[in-house]
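Q: Below are the sequence and a predicted model; questions follow.
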Amino acid sequence: MIRRSSSSASCRDRPGDRTSSHRHPDSVMYTLSSFERRLVHGDHQRDVQMSAGRVNWLPAQEHSGENIGTTETHVLFVELKEPPRPWRPGRSQPNRT
């Protein structure tokens, strides 16, 4: 049986572009460009600056976003579709370097 445990998506936008509210499952984000964004969830907002080449773990979340910088946003998301299985004796342990 084959189970799909992840999917990937490349996302881009230009300065001034906004997204509608959306959800992400647990994800890994790789930044392909440097950018500035405003993330909004309910009454809370925060501005972030990201450098190209960063890899970040993102827990599941819901938000909208706006490119508030002067450069294009370009990121790659790897979204996890099922929770990680716990390690058991006899099964190879994940590499945690």
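A: Done, it's in.
Q: how close does R37 sit to H63?
A: From R37 across to H63, the span is 10 Å (CB to CB, to the nearest Å). Heads up, the C-betas are built off the backbone N, CA and C, glycines and all.
Q: Who has more neighbours out of those two?
A: Ranked by neighbour count (other CB atoms under 10 Å), R37 and H63 place R37 first, with 21 against 18.
Q: Let me see the confidence value for the more buried one.
A: On pLDDT, R37 comes in at 97.
Q: for the one 10 residues further on, same thing?
A: Note for D47: predicted pLDDT of 98.
Q: Enumerate every residue touching it.
A: 36-39, 68 (CB atoms under 8 Å, 6 or more residues apart in numbering).
Q: how many neighbours does the residue nearest to S33 when sequence neighbours are not counted have?
A: Leaving aside its sequence neighbours, S33 sits nearest to H74 (CB to CB, 6 or more residues apart in numbering; 4.2 Å). Using other CB under 10 Å, H74 has 16 neighbouring residues.
Q: H74 sits in which helix or strand?
A: strand 73-80 (DSSP states H and E).
Q: buried residues in that strand?
A: Within strand 73-80, the residues that qualify as buried are 73-75, 77, 79, counting by 16 or more other CB atoms under 10 Å.
Q: Same check on stretch 57-74?
A: Result for stretch 57-74 [16+ other CB under 10 Å]: buried residues 63, 65-67, 69, 73-74.
Q: Let's have those in CSV, adding secondary structure, distance to G53 and pLDDT.
A: Listed next are those as CSV, based on DSSP: H, G, I helix; E, B strand; the rest coil; distance: CB to CB, whole Å; pLDDT from 0 to 100:
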residue, secondary structure, distance to G53, pLDDT
H63, strand, 23, 95
G65, strand, 20, 95
E66, strand, 23, 97
N67, strand, 19, 98
G69, coil, 17, 98
T73, strand, 14, 96
H74, strand, 12, 97
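Q: how about the strands of the protein, start to end?
A: For the chain, the strands defined by DSSP state E cover 6-13, 22-24, 27-31, 35-41, 44-50, 55-58, 61-67, 73-80.
Q: which secondary structure elements does the fourth one contact?
A: This means strand 35-41. Based on contacts counted as 3 or more CB pairs under 8 Å, 6 or more residues apart in numbering; DSSP states H and E, the elements that strand 35-41 packs against are strand 44-50, strand 61-67, strand 73-80.
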